[in-house]
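Participant: return atomic coordinates for the entry below.
(one chain, ligands or ions: 1)
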Amino acid sequence: MSQLFKNDIINLLNSSGEEEQELFARASQVKLQNVGNTVYLRGLIEMSNVCDKDCYYCGIRKSNSAVHRYVINEEEILEAVRFAYENGYGSVAIQSGELQSSAFTEKINRILQKTREISNGEIGVTLSCGEQTEETYRKWFESGAIRYLLRVETSNPELYRKLHPNTPKHSIEKRIEALETLKAIGYQVGTGVMIGLPFQTVEDLADDLLFMKNFNIVMCGMGPYIEHHQTPLYQYKDELLPLGKRLNLALKMVAILRLLMPDINIASTTALQSIEKNARMRAIQIGANVLMPNITPRKYRDDYFLYENKPVSEQSDEDDLKVLEKSLSEINHEIGYGVQGNSKRFLIK
Ligand code: SAM
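Facilitator: This is a model prediction of the structure:
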């Protein structure tokens, strides 16, 4: 079944009714056989919404002057890391708007070194801080980061150009080069795409999945595109698939990726939940095995506003471990407490 060709993938993405249910059932089975029913946690810390990029889809893009910008200081981040460690999260993911500066590099470097101290090297760190120089990636790796998540956003160069300003700072070639560099350094590399973008076709999505397979990623974080009224892409809102359909397409992407790459880590992402409260659990049932509960200090959460309806403070209790544990047990899954939950595909390489 892992021998799926582009046409098969397109058919699966277009499937509905019984066929779609068969896809979900098969993906669920493949997941249980290969990575089991344990869900690994990455406590998500949204370190800063200051960004030097101007991606047309993103609420925290540089040109959005309506955003209240914040930067969380080191001590507050380390407090969140301590919380994660003491509560058995096993891993944290530090995400940030994209900056290339020595101050930014050094800050993350110190956080990594202190995280290692705080947790005796037990907690796994994923970084998702955009494109950086090889030197920076290497430095962070040596200071303890083991995984890096850098979404390619779309693998279609033409579509990529429509979603980003035409400047050297926004180049798909550089993004892919960054992914190659991360892999060569020794990171567990993850990528992902947005699903249901304006101008995106089902063929594009099939190519995205094949890109992930050919690149031999070991983890993936992908989710539906959700419009944001303060972004240039908002003008195309009437051309988008209805939210329910976008969610379904995103679930099918997860399921097909599980069939294509049975032993990788796949995250059930926050954007799914912003369409439907229970969607993260649905993604777990049909292929995902990683959850990224938000552990950003509460006072900053509303400002990491990438897209409309992003679940923020008043709903974030859903990320409380007890609530997650209960929801997972209802679908016969359990949390992998206190373990890093590294990608099986990476470990057996
Ligand atoms: N700057 C880093 C980078 O580029 O990898 C990490 C931060 S960036 C805000 C994290 C992710 O948010 C992006 O990779 C993108 O896929 C997602 N994102 C941004 N705007 C979005 C939107 N409108 N809908 C869904 N996802 C969005």
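Participant: name the next helix or strand downstream of the helix or strand hosting Leu257, please.
Facilitator: Using DSSP states H and E, Leu257 maps to helix 243-260. Proceeding N to C from helix 243-260, the next assigned helix or strand is strand 265-268, under DSSP H and E.
Participant: distance from the least confident helix or strand in the chain by mean pLDDT to the middle of the chain?
Facilitator: Here the helix or strand of the chain ranked lowest by mean pLDDT, DSSP states H and E is helix 344-347, holding a mean of 86. Remark: helix 344-347 is offset 18 Å from the chain centroid, using CA atoms, centre = their mean, to the nearest Å.
Participant: again, but for stretch 15-31
Facilitator: For stretch 15-31 - counting by CA atoms, centre = their mean - the centre lies 23 Å from the chain centre.
Participant: mind listing what's buried in it?
Facilitator: Of the residues in stretch 15-31, Ser15, Glu20, Leu23, Phe24, Arg26, Ala27, Ser28, Val30, Lys31 count as buried by neighbour count, 16 or more other CB atoms under 10 Å. Every C-beta, even on glycine, is put in place using the N, C-alpha and C of the backbone.
Participant: with stretch 180-197 instead?
Facilitator: So for stretch 180-197, counting by 16+ other CB under 10 Å, buried means 181-183, 185, 187-197.
Participant: how far does it stretch from start to finish?
Facilitator: With CA to CA, to the nearest Å as the measure, stretch 180-197 spans 25 Å from end to end.
Participant: can it be found next to the ligand?
Facilitator: Yes - Stretch 180-197 reaches the ligand (CB under 6 Å from any ligand atom) through Met194.
Participant: what mean pLDDT does that stretch have?
Facilitator: For stretch 180-197, mean pLDDT rounds to 98.
Participant: so, low pLDDT: which residues of the protein?
Facilitator: Scanning the chain with the threshold set as pLDDT under 70 gives 1-2, 312-318, 348-349.
Participant: show me what contacts the most centrally placed residue in it?
Facilitator: Centroid-nearest residue in the chain: Gly221, 3.1 Å away (criterion: CA atoms, centre = their mean). By CB atoms under 8 Å, 6 or more residues apart in numbering, the residues touching Gly221 are Leu149, Arg151, Gly190, Thr191, Gly192, Ile266, Ala267, Thr269, Met292.
Participant: what residues does the chain put near the ligand?
Facilitator: So the chain meets the ligand at 57-58, 60, 95, 97-98, 128, 130, 150-151, 153, 194, 225-226, 228, 271, 306-307 (CB under 6 Å from any ligand atom).
Participant: same thing but 5 Å
Facilitator: Tyr57, Cys58, Glu98, Ser128, Gly130, Arg151, Tyr225, Ile226, Ala271, Leu306, Tyr307 (CB under 5 Å from any ligand atom).
Participant: just the strands in the chain please.
Facilitator: 38-41, 43-48, 91-96, 124-128, 145-149, 188-191, 194-195, 219-224, 265-268, 290-291, 334-335 (DSSP state E).
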